[in-house]
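S.K.: Return a 3D structure for these sequence lines:
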Amino acid sequence: MKNWNATHTKELLTWFSPDTYRKFEDLPLILLYHELQARSFFFKTPLEGNEAFFVTINRKKIYSGNPVLVPPERLGDLDPFYRLFQPPHLVLPKVDRIALLSIVLMQRGIFTWQGYNEYGINEYFEESSVVDAIPDLFDQKVMFEVDLASGTDDEIAESLKAALPQWRKVKHIDPDPPESVRFGYGTIRKIVNNRIIPMLDILVWAQEQDVRVSDEVLSRLLYTLDDEEIRYNHQIKDTDRPLAMKATTADFIRQFNFFINKNSHLREMKVSDVIQLAARDQS
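M.R.: Alright, predicted model coming up:
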């Protein structure tokens, strides 16, 4: 890996300017979430399905001087009203997953093909859940169906909430993961004020160029003498770069989503207004 030099700065500045990132403050909070989520794939390995395709497209957008990867008009595509929403923690099984499970169930003799359109079920497993029948494929997961017509949202949520401790006990899953990220108003303020998104874009470009970017270089690129507050290399090393890398993790993205779901009144609020709430919360 090469060290950063003046040539790299010149090349970076053909597309990078801190001023172009100020528009993130005018986005609704839900779009800031999607912007971070889109960038998390830059650091994910391995990429799956169409993820590599979208990573390539988003890098090209950034390198063309357009850091907004999810424009407001695309929000309807991400949260469509006509398609089942896919929340964190819960998975809507896809056809390939069901196909895999069916194949395994047949291989293990749990159900069999008896010719033409006839299938038989091993009576020993007839009343078993899929999870109990093939537990090695559900080491940390539970598969279940939700009857939306069986009760209100609160009743269904309470039923799931009551079941989770018992399911965790059976599966030997700690209810409080030790690496859980704490997320609140102050986190959003840091994402914007500490310029986490532009830092990530610089780090992605540096990674692609196979060049090492120091904390001092990051400070010079992210701030100018006209800025009211400048974050220096020791602050970037101790706080900002670790936060930037944490912001690309699945746990951070999940906690951001949880924060929005828990504070739904903030969903469409401008990021700058949410930051003001954070300042008021600290005062």
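S.K.: alpha carbons only for contacts and neighbour counts from here, please
M.R.: Will do.
S.K.: Check what contacts whichever helix or strand residue 120 is part of and list those residues.
M.R.: For residue 120, the enclosing helix or strand under DSSP states H and E is strand 119-121. By CA atoms under 8 Å, 6 or more residues apart in numbering, the surrounding residues in contact with strand 119-121 are 110-114.
S.K.: Let me see the mean pLDDT of stretch 270-283.
M.R.: Averaging pLDDT along stretch 270-283 gives 81.
S.K.: again with stretch 91-107
M.R.: 90.
S.K.: Keeping just the C-alphas, turn it into PDB.
M.R.: Provided in PDB are the C-alpha atoms of stretch 91-107 (Å, rounded to 0.1, in the frame of the first residue of the first chain):
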ATOM      1  CA  VAL A  91     -36.500 -12.100   7.200                       C
ATOM      2  CA  LEU A  92     -39.100 -12.700   4.600                       C
ATOM      3  CA  PRO A  93     -38.100 -16.100   3.300                       C
ATOM      4  CA  LYS A  94     -37.300 -16.100  -0.500                       C
ATOM      5  CA  VAL A  95     -38.100 -18.800  -2.900                       C
ATOM      6  CA  ASP A  96     -34.500 -20.000  -3.100                       C
ATOM      7  CA  ARG A  97     -34.500 -20.400   0.700                       C
ATOM      8  CA  ILE A  98     -37.800 -22.500   0.600                       C
ATOM      9  CA  ALA A  99     -36.400 -24.500  -2.200                       C
ATOM     10  CA  LEU A 100     -33.200 -25.300  -0.200                       C
ATOM     11  CA  LEU A 101     -35.200 -26.400   2.800                       C
ATOM     12  CA  SER A 102     -37.400 -28.600   0.600                       C
ATOM     13  CA  ILE A 103     -34.400 -30.300  -0.900                       C
ATOM     14  CA  VAL A 104     -32.900 -30.900   2.500                       C
ATOM     15  CA  LEU A 105     -36.200 -32.200   3.900                       C
ATOM     16  CA  MET A 106     -36.400 -34.700   1.000                       C
ATOM     17  CA  GLN A 107     -32.800 -35.700   1.300                       C
END
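S.K.: quick one: buried residues of it?
M.R.: Buried positions in stretch 91-107, judged by neighbour count with 16 or more other CA atoms under 10 Å: residue 105.
S.K.: After the strand holding residue 120, which helix or strand is next?
M.R.: According to DSSP H and E, the helix or strand after strand 119-121 is helix 130-133.
S.K.: Tell me which residues of that next one come out buried.
M.R.: For helix 130-133, by 16+ other CA under 10 Å, it's 130, 133.
S.K.: And stretch 266-280, by the same measure?
M.R.: Buried residues in stretch 266-280 (16+ other CA under 10 Å): 266-267, 270-272, 274-275, 278.
S.K.: can you list contacts of that stretch?
M.R.: 24-30, 32, 185-186, 188-189, 260.
S.K.: So what's the gap between the strand holding residue 120 and the chain middle?
M.R.: Relative to its chain's centre, strand 119-121 lies at 40 Å (CA atoms, centre = their mean, to the nearest Å).
S.K.: one step back: please tabulate the contacts of strand 119-121 in a markdown table, including the columns pLDDT and neighbour count.
M.R.: Output for the contacts of strand 119-121, formatted as a markdown table (pLDDT from 0 to 100; neighbours: other CA atoms under 10 Å):
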| residue | pLDDT | neighbour count |
| --- | --- | --- |
| 110 | 92 | 18 |
| 111 | 89 | 19 |
| 112 | 88 | 15 |
| 113 | 85 | 12 |
| 114 | 84 | 9 |
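S.K.: burial of residue 36, as a residue count?
M.R.: Number of residues near residue 36 (other CA atoms under 10 Å) recorded here: 23.
S.K.: partner strands of the strand holding residue 120, parallel or antiparallel?
M.R.: Strand 119-121 has the following strand partners under DSSP bridges: strand 111-113 (antiparallel).
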